[in-house]
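[1] Sequence first, predicted model second:
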Amino acid sequence: MNDKKNKVSRRQFLNYSLTGLGGFMAAGVLIPNLRFAVDPVLKQASAGGDLVNVGLSEDDITEDPQRVDWDVEQVDGWYESDINRTAWVFKDENGDIQAFSPVCKHLGCFVTWEGSDDYPDEFFCPCHDGRYYKDGTNVPHTPPLAPLDVYEHKIENGMLFLGEPKPREGA
Amino acid sequence: MKWTPEDLQKYVQAKEYIDTAIIPVLGFQMNDEKKLEKEAFQREVLSIYTNEIEKELSGRLLLTPPYNYVKSNDMSGELNRLNDWIDHIKEQPFTSVFILTFDNQWKKNEKDLNAELLWFPSVQTGDIKSEETIRMIRNQVDQISELIRTYW
């Protein structure tokens, strides 16, 4: 009798094994799909990590814009290459860090801070005399039609990290 | 502007703003094997220079395809061919055409060229990615850009 009590019946055995097997199969189908569903969330986290240390400490950033050059690795179709990036970095009157792309919004020359003696306190483009105020907005009636792009930035362990340049609304 | 489909599209649209062309001029030879490595290195260095200059001044400057030739002591044939290039480019019109080269043979024939020659001695060998080389090239690029700007 006792023996019979512990025995798993044929029906029970089949039930257990089929549920188990079904469970595995369902998981096999569902888990990759679940991974696809949450992928955008994971992606966002890694995009934040794309900011790179440009080798400038926060204490060295002054109210005078300074040119910073750094390299980022880029895979572009056939080529895997180091491309160099440049930014003008300074602290604005509120003490906030600003990092502007030097690429002129007219035709893409590099602008320089106080690049012309005639226009102090402005970014100046040597190619067609484009001008920008210190906050990066374009001076009206000069060739550029939009403000300078702004780099994403963060401070970590006292060092400046920069990401991608982002365009702003035109003035 | 570089000689790429995207940049040339921009060039055609903004032609009136782009009045300066740069031709990288690159010689090669295969007889003197000892020089092969050095010359290949210089080729790389010149392309870095031209790319960097283009980056600084891209809105007013077109980087043409490089002019290649076989190095020899008699430059007269090459001189004519290069002048053909220059004249063809100037038709567009370009008000200034610059020639960038490390080959001092061109320096000797400078007066017969229809363009401004920018000849300068190159780094001979070394690590192109070393801090020192990069700093030197950046510094020289600044000076060359400044020189080009004085023609504007």
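    Sure, I can see it. Numbering: from 1, shown residues only, chains lettered A, B, ... in the order given.
[2] How about chain B: which residue is closest to chain A?
    For chain B, the nearest residue to chain A under the criterion CB to the nearest CB is B:Gly59, separated by 2.9 Å. Every residue, glycine included, has its C-beta placed from N, CA and C.
[3] who's in contact with that residue?
    Counting by CB atoms under 8 Å, 6 or more residues apart in numbering or on different chains, B:Gly59 makes contact with A:Cys104, A:His106, A:Leu107, A:Gly108, A:Cys109, A:Cys125, A:Cys127, A:His128, B:Ala14, B:Tyr17, B:Ile18.
[4] Assign it to helix, strand or coil.
    Following DSSP: H, G, I helix; E, B strand; the rest coil, B:Gly59 is assigned to coil.
[5] cool, and the one 10 residues further on?
    Secondary structure for B:Tyr69, judged by three-state DSSP, is strand.
[6] does the spatially closest residue to the residue of chain B closest to chain A that is not a sequence neighbour belong to a helix or a strand, and which?
    Using CB to CB, 6 or more residues apart in numbering or on different chains and skipping the chain neighbours, the partner closest in space to B:Gly59 is A:Leu107 (2.9 Å). Counting by DSSP states H and E, there is no helix or strand that carries A:Leu107.
[7] quick one: contacts for A:Leu107?
    Listed by CB under 8 Å, 6+ apart, the contact set of A:Leu107 reads A:Cys127, A:His128, A:Pro143, B:Lys10, B:Ala14, B:Tyr17, B:Ile18, B:Ser58, B:Gly59, B:Arg60.
[8] Output those residues as JSON lines; include the columns pLDDT.
    Rendered in JSON lines, the data for those read as follows (pLDDT from 0 to 100):
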{"residue": "A:Cys127", "pLDDT": "89"}
{"residue": "A:His128", "pLDDT": "90"}
{"residue": "A:Pro143", "pLDDT": "90"}
{"residue": "B:Lys10", "pLDDT": "89"}
{"residue": "B:Ala14", "pLDDT": "87"}
{"residue": "B:Tyr17", "pLDDT": "89"}
{"residue": "B:Ile18", "pLDDT": "91"}
{"residue": "B:Ser58", "pLDDT": "88"}
{"residue": "B:Gly59", "pLDDT": "88"}
{"residue": "B:Arg60", "pLDDT": "91"}
